[in-house]
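> Provided below are the primary sequence and the corresponding predicted coordinates.
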Amino acid sequence: GESVGLHLPTLSVQEGDNSIINCAYSNSASDYFIWYKQESGKGPQFIIDIRSNMDKRQGQRVTVLLNKTVKHLSLQIAATQPGDSAVYFCAENHDYKLSFGAGTTVTVRA
Amino acid sequence: DVKVTQSSRYLVKRTGEKVFLECVQDMDHENMFWYRQDPGLGLRLIYFSYDVKMKEKGDIPEGYSVSREKKERFSLILESASTNQTSMYLCASSLWLGGTEAFFGQGTRLTVV
């Protein structure tokens, strides 16, 4: 079946360190892979996407890596800040549907 | 600033009631979505709509229906609420079908007792 999933449900990171959040997917036909961030009490918010024919894309303090060989997606956050504490979802876009994984809760330690 | 507004933040309903969850977007987006969010399961797509009066089933449509009479409004209907429909419901919109950036409302936490 088709699924998008994350490797770890929780991640604790020291402030200032880099964070790496991982995701495995199974649908190779997806056109885009996307990362969303959900802060407490809010709806998810778009962070960055990557087209399926790309390997890497950088944004402001974030980098998304796509490894199609092993069907793996990761989000790297540089110099993690307290405001980065949130639930992070990977998602894929296929057949006009956005399908989300289970989410990783990132906690930033001061 | 883009905005997706869900009519209620919290709702408590009784088993068997008909429940309406309303969502309005002010961005003139073509596409609207309803998800439910449960711990450990992420967001699961219930229904989506790509135009007025058009709807498509998502991954978990059973027990739900939707209505889109106007472009800006997308309603989720629980025909006969059950306790397993207790969940957080999230509405979203996107500019075009296939777009990656969806804008979400703040969510409605529904409890069915």
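Alright, I've got the coordinates.

> does any part of the helix or strand where A:Q76 lies sit near chain B?
Following DSSP states H and E, the helix or strand that holds A:Q76 is strand A:72-77. No - Strand A:72-77 is not in contact with chain B by CB under 8 Å from any CB of the partner chain; minimum separation 13.1 Å. In short, each C-beta sits where N, CA and C put it, glycine included.

> Just give me the neighbour total for whatever residue of chain A ends up closest to chain B.
In chain A, the residue that lies nearest chain B is A:G43 (2.9 Å; CB to the nearest CB). For A:G43, the number of neighbouring residues by other CB atoms under 10 Å in any protein chain shown comes to 22.

> That one: what's it in contact with?
When the contact criterion is CB atoms under 8 Å, 6 or more residues apart in numbering or on different chains, the partners of A:G43 are B:4, B:90, B:92, B:104-107.

> For it, report the pLDDT, please.
We note a pLDDT of 95 for A:G43 in this prediction.

> Please apply the same query to A:L6.
The per-residue pLDDT of A:L6 was computed as 54.

> correct me, but B:R14 touches B:T83?
No - taking CB atoms under 8 Å as the definition, B:R14 is not a contact partner of B:T83, at 10.0 Å.

> hey, what's in contact with both of those two?
What both B:R14 and B:T83 touch, as defined by CB under 8 Å, 6+ apart, is the set B:112-113.

> in chain B, which spans are helices?
If DSSP state H is used as the criterion, chain B turns out to lack helices entirely.

> Which single residue of it approaches chain A most closely?
For chain B, the residue positioned closest to chain A under CB to the nearest CB is B:F104, at a distance of 2.9 Å.

> What count of nearby residues applies to the closest residue to B:K3 other than its chain neighbours?
Closest residue to B:K3 in three dimensions, ignoring its sequence neighbours and counting by CB to CB, 6 or more residues apart in numbering or on different chains: B:D26, at 5.1 Å. For B:D26, the tally of surrounding residues (other CB under 10 Å) stands at 12.

> tell me the pLDDT at B:D26?
Here the pLDDT value assigned to B:D26 is 95.

> so does the top strand by length along chain A get close to chain B?
When every strand of chain A is counted residue by residue (DSSP state E), the longest turns out to be strand A:86-94. Yes - between strand A:86-94 and chain B, judged by CB under 8 Å from any CB, the touching residues are A:89, A:93.
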